[in-house]
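[1] What follows is a predicted protein model with its sequence.
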Amino acid sequence: MADKDTNKPKGNGIVADPSRRQFVKNSGIAVGGVAGGALLGGLFTSQFGKNNDKKSTNGNEKKPAKRYEEARMFFTRFADFAILEQAVERIFPEDKNGPGAIGLGVPYFIDKQLAGPYGNNVKDYRQGPFTNGNGTAADSSLNRGEIIINGLRTMSEESMKRFDAKFDDATAEQQTEILKDFEADKIQLKGISSKAFFKLLRTLTLEGAYSDPLYGGNRDMEGWKMKEYPGSIASYMNMIEEKEFIKMDQVSLTDYQPK
């Protein structure tokens, strides 16, 4: 999958301010999808089109290390996963301050979540009557996995109708237009409102960007590094009395595992 559009969408209230990450860091609020009712724009990137290869000291290119944990468990169709990649990248785009959703491994985080109890609404009350998603994903007759699949496929169908292109082949501006219509509840979906679907997708995107890497997202703790958040620190007792800001290296839950 090649990059389609490296220009940030502008106009119509779409935020393209490079200070976004600084705002996130300073406020402590994870704003990754909609600020003031508008979808954040950004660079159109894909892990399949982006060249992250590094060169060795003798000038020969070295292939990036394989990430064996990044394998699809829920998405049996790659076409659905490709739509997911581009949708979450529109919600949390890459910019000069750091990686976007694809670079942070968010699609694989979502895949793992949907493959487990969360995706099947295991701990939710599952008896009717349902309002079919007029409120939340837990209030739909569909489980979260079904909601995400239905929503992604509807996004691609909508893209074909409007632009004669699959969602993952559309331009960044076209993708943003469709996502904004989902957010505004202008699209018909089975079993849930498009607004509730968008809210679920946005929530999963932010969780994947900022959760502990143990869960499959926040690759290399880059999400935390952009916020200067240290991560899973067991105790602050040795520094709680310090008056100056202490910049700390990031720590994951996996760092506490016995060697």
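    Received it, and whenever you're ready, just let me know what you need. Residues are numbered from 1 along each chain as shown.
[2] Look up how far residue 229 lies from residue 248.
    Look at residue 248 and residue 229: by CB to CB, to the nearest Å, they are 9 Å apart. Yep, even glycine has a C-beta here, placed from its N, CA and C like the rest.
[3] let me fix that: residue 159
    Distance from residue 159 to residue 229, by CB to CB: 35 Å.
[4] C-terminal to the top helix by length along the chain, what's the next element?
    Taking DSSP state H as the criterion, the chain has its longest helix at helix 144-163. Next along the chain after helix 144-163, taking DSSP states H and E as the criterion, comes helix 172-183.
[5] by contact count, what packs against that following helix?
    strand 38-39, helix 78-91, helix 144-163, helix 194-210 (3 or more CB pairs under 8 Å, 6 or more residues apart in numbering; DSSP states H and E).
[6] and these as a markdown table, adding distance to residue 258 and mean neighbour count?
    Putting those into a markdown table (distance: least, CB to CB, whole Å; neighbours: other CB atoms under 10 Å) gives the following:
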| stretch | distance to residue 258 | mean neighbour count |
| --- | --- | --- |
| strand 38-39 | 44 | 20 |
| helix 78-91 | 34 | 23 |
| helix 144-163 | 34 | 19 |
| helix 194-210 | 26 | 23 |
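[7] which stretch in these is the model least sure about?
    Among the helices and strands packed on helix 172-183, strand 38-39 carries the lowest mean pLDDT, a mean of 42.
[8] Residue ranges in the chain under the pLDDT threshold?
    1-65, 132-138, 259 (pLDDT under 70).
[9] For the longest helix of the chain, name the packing helices and strands.
    helix 78-91, helix 106-115, helix 172-183, helix 194-210.
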